[in-house]
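> Mind folding the following:
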Amino acid sequence: MVVSTPNGIEHPPLLVLLSDGELHSGEWLAKELRQTRAAVWKGVQRLRAAGIEVNALARRGYRLANRVELLDARRIRAELTEECRAHLHHLELLFEVDSTNTRLLSSPPPAPGTADVCVSELQYAGRGRLGRRWIAPFGGGIALSLGWTCSDVVRTLPALSLGVGVAVSRALTRAGAQGISLKWPNDIWFRDRKVGGVLIELRAESGGPAHVVIGVGINVSLPEQARREIEAGGVAVAAAADACATAPSRNLVAGAILDELLSMLVRYERFGFSAFRDEWTALDGLKDRPALVTVGGTSIFGVARGVDSDGALLLETKERLQRFVSGEASLRLSVGDA
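The predicted structure follows:
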């Protein structure tokens, strides 16, 4: 029997009081928490140690650098259709974790046709593709991983990240975003800038089903300082809020992503990538544009020509049309001659 458990995050009470972004005196916080002002100060230090920016104003009090919408299990589930709720086995919301992907990979796989999901406010060892570190300022993004059991790994995995990209783009559209595009094979884009990414990992026994974990990291909003820090590493970054008339709710975005992922996985298992290829092509942010593919240190210039029926990248060079599989190649927009 499929069970959707009512887990919710136990946020630090001090963080809950500060989440409105308003200035609160130490005396008021101490009274609300039934603590001493010294205990409040220690609580502030713990939040800072976790990477949460808390400003202190002399003789006035404390406030978060930015107002934060804390994650809420009930609000996330409210975005799920009845059909998708039937496929959700377990939803775990955490305040802090090393990596949501790692947590699910270390757990037993869910029964076929059901999903285990982990969402966390903070990740201190979040990973991106090719081992890159995923940076997500507190309260500004979504770190979500979904565990699924695949019976046919050979057919399912090659283009799964493309199906995930379609699902995430649908979710962001539900949240009010316009102009979202996809970059093969794992990136979510807005105006050629990275809004988020997908990381798929698996654990499989020879000849048996595979435990596949789909990790999705999305910038919902980004303070200017965080943008500068991320872009200092060479990544042109954006947030879902940049594509929306008004900043979207984090809980709405998380719930919509979960709903669209579950819906996509059920359909993907039946029909494969063919059910999503046309939609992915319409969202392809590099189609018919100069691109650079890197394989094992070798750079190949050409024009991106979309993907084939298996989700492999097609690159037209001066010599011929070449095909690249996601696990072996990386792709970026080229400003040079194709």
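> quick one, longest strand in this structure?
Ranked by number of residues, the top strand in the chain under DSSP state E is strand 193-204.
> other SSEs contacting that strand?
Contact partners of strand 193-204 among helices and strands, from 3 or more Cβ pairs under 8 Å, 6 or more residues apart in numbering; DSSP states H and E: helix 100-105, strand 141-150, helix 160-174, strand 187-190, strand 210-219. All C-beta atoms are positioned from the backbone trio N, CA, C, and that covers glycine.
> could I get the last one in CSV with only the CA atoms?
I take that to be strand 210-219. Taking Å, rounded to 0.1, in the frame of the first residue of the first chain, the C-alpha atoms of strand 210-219 are listed here in CSV:
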residue,chain,number,x,y,z
ALA,A,210,18.2,0.0,-10.4
HIS,A,211,17.7,2.5,-7.7
VAL,A,212,17.7,5.8,-9.5
VAL,A,213,18.0,9.1,-7.6
ILE,A,214,17.1,12.3,-9.4
GLY,A,215,18.4,15.5,-7.9
VAL,A,216,17.1,18.9,-8.8
GLY,A,217,18.5,22.2,-7.7
ILE,A,218,16.7,25.4,-8.6
ASN,A,219,17.4,29.0,-7.8
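> Now do it: which elements does it pack against?
helix 100-105, strand 141-150, helix 153-156, helix 160-174, strand 193-204, helix 250-271.
> again with the second one
Judged by 3+ Cβ pairs under 8 Å, 6+ apart, the packing partners of strand 141-150 are helix 100-105, strand 115-123, strand 193-204, strand 210-219, helix 250-271.
> try it again with 10 Å
Packing contacts for strand 141-150, counted by 3 or more Cβ pairs under 10 Å, 6 or more residues apart in numbering; DSSP states H and E, involve strand 88-97, helix 100-105, strand 115-123, helix 160-174, strand 193-204, strand 210-219, helix 250-271.
> what are the pairing partners of that strand, and which direction each?
strand 115-123 (antiparallel), strand 210-219 (antiparallel) (DSSP bridges).
> Dump those strands into CSV; add distance to P12 and mean neighbour count as well.
Formatted as CSV, the strands paired with strand 141-150 follow (distance: least, Cβ to Cβ, whole Å; neighbours: other Cβ atoms under 10 Å):
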stretch, distance to P12, mean neighbour count
strand 115-123, 10, 24
strand 210-219, 23, 25
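> May I see the ones you listed arranged in TSV, with distance to S181 and mean pLDDT as well?
Formatted as TSV, the strands paired with strand 141-150 follow (distance: least, Cβ to Cβ, whole Å; pLDDT from 0 to 100):
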stretch	distance to S181	mean pLDDT
strand 115-123	25	95
strand 210-219	14	95
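> got the domain boundaries for this structure?
22-64, 73-282, 286-333 (automatic domain parsing).
> If we go by neighbour counts, what in the longest strand of the chain is buried?
193-202 (16 or more other Cβ atoms under 10 Å).
> do the same with stretch 243-256
So, applying 16+ other Cβ under 10 Å, buried residues of stretch 243-256: 243-244, 248-256.
> again, but for stretch 170-186
170-172, 174-177, 180-186.
> Centre of the chain to that stretch, how far?
12 Å (Cα atoms, centre = their mean, to the nearest Å).
> can you check stretch 242-250 too?
16 Å.
> and the end-to-end length of that stretch?
This stretch, stretch 242-250, spans 14 Å end to end (Cα to Cα, to the nearest Å).
> now what about that stretch, what contacts it?
Applying Cβ atoms under 10 Å, 6 or more residues apart in numbering, the contact partners of stretch 242-250 are 68-72, 75-76, 79, 119, 121, 139-142, 172-181, 189-191, 193, 195, 218-222, 239-241, 253, 255-256.
> Next, format the buried residues of stretch 243-256 as a markdown table and append distance to H90 and pLDDT.
A markdown table is the format used below for those (distance: Cβ to Cβ, whole Å; pLDDT from 0 to 100):
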| residue | distance to H90 | pLDDT |
| --- | --- | --- |
| A243 | 31 | 97 |
| C244 | 30 | 97 |
| P248 | 26 | 96 |
| S249 | 23 | 96 |
| R250 | 21 | 96 |
| N251 | 18 | 97 |
| L252 | 21 | 97 |
| V253 | 21 | 98 |
| A254 | 15 | 98 |
| G255 | 16 | 98 |
| A256 | 19 | 98 |
